[in-house]
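Q: no FASTA, just this:
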């Protein structure tokens, strides 16, 4: 149990060491820390930031366009690569403290443990998140007390909506709040304890080195602990960090740190442990308005929301805007605020504009637009003179290595069966995935359709474009090396709500093009989740088809037999089987569904043993579909066909089913499904062929004509040779030996030409009237 | 979100309404919670409030969500932000439209709001295919009309007339069940806040709304959608969706409490155990959200599986166990009555339920095992 913090020492503005607690990315913190530095003129300002950046701290004063981030990355001996960001925007308290200290001629130091040394303990990749402040009973209770929904609202209530908050009040309030959050915490994490020990040592060193006063700017959660360390109240706990040291850690074999551009989109997209202050665009506006000494006004934001909504063709009348504004102000007043704030605007838009059911957890287009405006679109740019991010260097190196440096525009043809060309293709695809300017694939084998796999080739257009540099610097937010960055980009694409089957296939193929290194466990995991959530049988089966190709047939890309793909394949297979069983009756999609079942059966046949698929369960699914009275004849036909070709159903059963669907309306559909799945067995089984023959002979002329179209469709599964074979089987079983089943059609060339011309006229007329089927 | 119809007597209450309450099968909210309302009213006598309101907006909120400090029982489970929006909407010049699936306690919420704001939740128009303008505005006492001609005496007021006159909240239940032209009766009243009575003489032919008047309408998203409302009428309402309870724990607590309360009221000495409640509520939630707890998608059912349905399933299982079983609710009882709640008109739903059992329930351990074994009732 942590002892009660020394509130007196924490809030003393006249002490030699002043503790300034921040919530990262809080404009009010930024404003007050600036004020404090100008007031107290410290000799040195110590900031919670990566201390391994200290020797390059001057790079922060080059005049960058914010937001930017310090990016720290490592590669460990086990091959894992990881990175973390320390993002700064203009209203970051840390950023303002750095800049104002320089202006006041105070030294600036980062004092946090280098990230590489704690990466194994703490996997948050956003180092300025509020995980510690968000969790815990204390925050929950306080939210209830104040009648607010969550921590973000609570913070707004306590700090951001108080434009006149004095420095002393602020310190009192935030130290009390953060101190209590910590007091109520059951256990302080090892990584926090280690970091605090490291930071305390840094503060002690600074106290020896500098004569004057010291300002310590850290997350509020750490302030009280650091103060206790310094006043010798923390001794009891100091054994714990030592224990951690004893644990073996995979050694970082490579580490680095660099500035990279950042964006408000990235800042706002973080969630869970990585979540920080939301809506950067909104708080940017708050900071901007108040910096000029003025009042924050929500009106420009509301105007932007209205414009954005109208641009998206949503109806927002003047009366609606009046309603939004009235509501926002009434909500603000109900919540005891003098100014309309973020939540008020969001709620006002929800209340006044949304006129339909809002599904739980889903946002309406209205809300999305508001959130987008609140997010802002600001993107950072590094000033000249900053060391270039490592990705840029890596790309340059790779391009030179593969002789691909973009110069004047030219075309390069690659043969994918050639190892050298394949390596080139991989580099180019990674660049394409990252949208780096100057590299375009203009032609080549279509791996999505796979209609022609005789020649595996690609044609690329390579040439220097003005945005080559900018785009490669921008891409460095995804990582430090090309493969890492490409993976991160693909992971980003695979994240989020339900993707269509085409999107999933796109991601999958891109990953395959970019090489197996890109298929990291994280990407596989995301794709697995996507498949997991997908609710449409045909779509999942479509993805399964691509996966099966890559896993079993691909020769060029090197994905065949990859264990990671295997894992994904199994997931898609299980999911598709599960969806197949829950399939309702769906008209018009028969062909896709039958094809889906075929892919399932093929996957099972090919990979049953390699992937250890559960035979009993899969056969169970197929039998249940086959026995389902409400299911379409074609689907049931496909199911029994699948069972038959897997030797799980005998001819008896198939014949029984045939009898069941022997009426005019169903026979063709049933056979379509059956033939598509059991193509081989069906044409060689004399009994089946004979039974079909008998059925057909029993039809009256009219019935036969009615059944004909669907019967014709069912026999299109077979090639002419197979049909011939089938007839031979029939004739053999009927004992007709000397007759030829098919006579070659004897047509002279004039008749044939006439027929062709007629057909041509026919299609032209069809096309003219826009009738379906004209483009055959 | 379901209701808490507590039969418990408040600690302090005047004799009169208390007797009355015991006679009634279901007293109106302002009668049932008279004492709480009086206390809130006394406490915020000096607080600013919209004209014509009995309580300040904050007290209305406390009345609905409950407040430990003031000793007010919570009556409705929902997010605070959502309720704030509802209350604020009623203070503006737009009406409040509560939409959502059946069984999410929309009507109950509108009753609570009307009771807290106007002290009267009885000005209710029940929308149906047969609702006419007479049920909404006013009609005539024809004997008097013929004898004396149109006058305020011969006019028979309907809820909307009363609401305008007294400055109270009018509740319009199931508004989308009404024909469009009947819905549109509200148009001019909501925008101009005046009701024309052309039959009366000039001086009384316009009934102007007194402060405090507003309309809470409820609409069911499963029946005829809100899309069938005219755009003009939509414009005059703020829409709020009432969601099923978001937290598993909250819903479980509610189902367990309600079921056991209903069982004890029916003098059936059987209780639904926490494990079975968890089974029941988890099944309902997963089928409702078309998603399992670990994120696998399911096919969504066409029937509504509200919390209220879960309670009635639990209740029916309890009664079944008492009269035809050992007196202890078993998973089998739940499965049997689950069929009744799930299978309304679409046979596909039963298939989906079976699928759920074959794939989701089968893989689970513990109390789920006997639940799975009872799946024969689904055939």
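A: Sure thing, it's come through. All values derive from a computational prediction rather than experimental measurement.
Q: checking the residue lying farthest from the centre of chain B next. Helix, strand or coil?
A: Centroid-distance maximum for chain B: residue B:147 at 42.9 Å, with C-alpha atoms, centre = their mean. Following DSSP: H, G, I helix; E, B strand; the rest coil, residue B:147 is assigned to helix.
Q: from residue B:358, how far off is it?
A: 73 Å (C-beta to C-beta, to the nearest Å). C-betas here are computed from N, CA, C, even on glycine.
Q: what's the answer for residue A:762, then?
A: Distance of residue A:762 to residue B:358, computed by C-beta to C-beta: 51 Å.
Q: between the two, tell me which one has more neighbours.
A: Using other C-beta atoms under 10 Å in any protein chain shown as the criterion, residue A:762 and residue B:358 rank with residue B:358 on top: 20 against 11.
Q: so what's the more buried one closest to, chain neighbours aside?
A: Once flanking residues are discounted, residue B:358 sits nearest to residue A:581: 7.4 Å by C-beta to C-beta, 6 or more residues apart in numbering or on different chains.
Q: the helices in the stretch 201-350 of chain A, which residues?
A: For the stretch 201-350 of chain A, helices defined by DSSP state H, counting those that start in this stretch occupy the ranges A:220-230, A:239-246, A:264-268, A:280-291, A:299-311, A:318-334, A:342-353.
Q: weakest of the ones you listed by average pLDDT?
A: If the helices of the stretch 201-350 of chain A are sorted by mean pLDDT, helix A:239-246 sits at the bottom with a mean of 45.
Q: roughly how far does the residue nearest the centre of chain A sit from residue A:457?
A: Nearest to the mean C-alpha position of chain A, counting by C-alpha atoms, centre = their mean, stands residue A:495 at 1.6 Å. The gap separating residue A:495 from residue A:457 is 33 Å, by C-beta to C-beta.
Q: list the contacts for residue 169?
A: In the absence of a named chain, chain A is used. Listed by C-beta atoms under 8 Å, 6 or more residues apart in numbering or on different chains, the contact set of residue A:169 is empty.
Q: not what I meant, chain B
A: Contact partners of residue B:169, counting by C-beta under 8 Å, 6+ apart, are B:90, B:113-114, B:117-118, B:120-121, B:123, B:163, B:212-216.
Q: quick one on the thing from earlier: okay if I get the helices of the stretch 201-350 of chain A as TSV plus mean neighbour count and distance to residue A:501?
A: Shown next, in TSV, are the helices of the stretch 201-350 of chain A (neighbours: other C-beta atoms under 10 Å in any protein chain shown; distance: least, C-beta to C-beta, whole Å):
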stretch	mean neighbour count	distance to residue A:501
helix A:220-230	24	45
helix A:239-246	11	47
helix A:264-268	21	26
helix A:280-291	21	34
helix A:299-311	16	30
helix A:318-334	19	38
helix A:342-353	25	32
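Q: for residue A:622, which of these is the nearest?
A: helix A:264-268 (46.0 Å; C-beta to C-beta).
Q: what does that closest one rub up against?
A: Applying C-beta under 8 Å, 6+ apart, the external contacts of helix A:264-268 come out as A:25, A:67, A:87, A:89, A:276, A:278-281, A:284, A:375-379, A:477.
Q: any of these buried? List them.
A: Buried members of these, scored by 16 or more other C-beta atoms under 10 Å in any protein chain shown, are A:25, A:67, A:87, A:89, A:276, A:278-281, A:284, A:375-376, A:378-379, A:477.
Q: gap between residue A:688 and residue A:733?
A: 10 Å.
Q: repeat for residue A:564
A: 49 Å.
Q: out of the two, which sits in the more crowded spot?
A: Ranked by neighbour count (other C-beta under 10 Å), residue A:564 and residue A:733 place residue A:564 first, with 18 against 14.
Q: pLDDT score for the more buried one?
A: The model reports residue A:564 with a pLDDT of 81.
Q: any idea how far it lies from residue A:550?
A: 11 Å.
Q: just to revisit the earlier point, tell me the least confident of the buried ones among the contacts of helix A:264-268?
A: Least confident entry in the buried ones among the contacts of helix A:264-268, by pLDDT: residue A:477, with 68.
Q: nice, that's everything, thank you.
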